[in-house]
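# Sequence first, predicted coordinates after that:
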Amino acid sequence: MAGCGHRLRYVFRLAIIGCGPAEETDRRDSHPDERIAIAAAIEPVRVGAVVVNVIGMDWRTESRYSAALAAVLIMQPLRGPTMGYVEKHLMNGENIVYRARLHYFVFLLPVAIAVSGLILALLIWRFSENGPAAAIVAVSFLIVSLLLAVPRFIRYRTSEFAITNKRVVVKVGLVHRHTLELVLAKLETIGVDQSVPGRIFNYGTIVVTGTGGTQEAFREIANPIEFRKHVQSELDQYGRSSRP
């Protein structure tokens, strides 16, 4: 049992930090069942093959490694890709000078619904002592919160906002992807629109205006003033470097 606990901790660590050269050596020398779980942490694309292998195990091994695989599949999206859209599409001599992200405010609605459901369930349990009804209310609110949180989480994880020494690059979305790659020579202005809550919590909408008056707006960006400041700085450096 102690050995199993050691292997599970090892799998969880791989799920979070990935696999390096030392871990590759350990993986070759590890238990065959352990290698199945580690493979899922290293390459999620092999999950289908992992599931097939798990089905063939006895119930004790299956229960242990099913738990490990579940943890791996949950943790893997939190790690994020090792190389994002911006890095994959850098031009020769192009360097990233600033990155922005969506603000945590995108999760406000699902969090508010979940907290409201828990408070309502506690009130029901406290004043009516009806445990089943309180549980139904709490679970119902949590399910609604989860359904709202999943698309927001995907949007949060797949949105990239970057300023390079040559371009402004934006990528939003996973299945329905929207991208903007505007060279500094074609960029006119970067506008920032902040509401009162946006000024308090430091988020807002950036409006990218290109030559010809074309505009692209991106909402709920964290620290939009800093984003605009870096764009203006790169525009200034680009203007000085382009002078004869």
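Nice, I can see it. Numbers count the residues shown, from 1 in each chain.
# gap between residue 211 and residue 182?
Residue 211 sits 9 Å away from residue 182, going by Cβ to Cβ, to the nearest Å. For the C-beta atoms, the positions are set from N, CA and C on the backbone; glycine is no exception.
# Tell me which of those two has more neighbours.
residue 182 (18 against 10; other Cβ atoms under 10 Å).
# Just the helices from this structure, written as ranges.
Assigned helices in the chain, in chain order: 2-17, 21-28, 32-42, 47-55, 59-79, 85-88, 108-128, 131-158, 196-201, 224-242 (criterion: DSSP state H).
# Which strands or helices does the shortest one pack on?
Spelled out, that is helix 85-88. Judged by 3 or more Cβ pairs under 8 Å, 6 or more residues apart in numbering; DSSP states H and E, helix 85-88 is in contact with strand 96-100, strand 160-164, strand 167-172.
# In CSV, list those along with mean neighbour count and distance to residue 207.
As requested, the helices and strands packed on helix 85-88 are arranged in CSV below (neighbours: other Cβ atoms under 10 Å; distance: least, Cβ to Cβ, whole Å):
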stretch, mean neighbour count, distance to residue 207
strand 96-100, 16, 14
strand 160-164, 22, 13
strand 167-172, 22, 12
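# Dump those strands to JSON lines, plus mean pLDDT.
JSON lines is the format used below for those (pLDDT from 0 to 100):
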{"stretch": "strand 96-100", "mean pLDDT": "93"}
{"stretch": "strand 160-164", "mean pLDDT": "94"}
{"stretch": "strand 167-172", "mean pLDDT": "93"}
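# what would those look like in a markdown table with distance to residue 150?
Shown next, in a markdown table, are the helices and strands packed on helix 85-88 (distance: least, Cβ to Cβ, whole Å):
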| stretch | distance to residue 150 |
| --- | --- |
| strand 96-100 | 23 |
| strand 160-164 | 19 |
| strand 167-172 | 16 |
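# List the contacts of the closest residue to residue 203 other than its chain neighbours.
Leaving aside its chain neighbours, residue 203 sits nearest to residue 103 (3.6 Å; criterion: Cβ to Cβ, 6 or more residues apart in numbering). By Cβ atoms under 8 Å, 6 or more residues apart in numbering, the residues touching residue 103 are 201-203, 220-222.
# Relative to residue 184, how far out is residue 103?
Taking Cβ to Cβ, one finds residue 103 at 25 Å from residue 184.
# domain parsing for this protein?
2-79, 85-102+159-242, 106-155 (automatic domain parsing).
# quick one: residue 84 from residue 213, how far?
Taken as Cβ to Cβ, the span from residue 84 to residue 213 is 30 Å.
# go on, residue 224?
21 Å.
# more neighbours, the two?
The neighbour count for residue 224 versus residue 213, taken as other Cβ under 10 Å, is higher for residue 224 (26 against 7).
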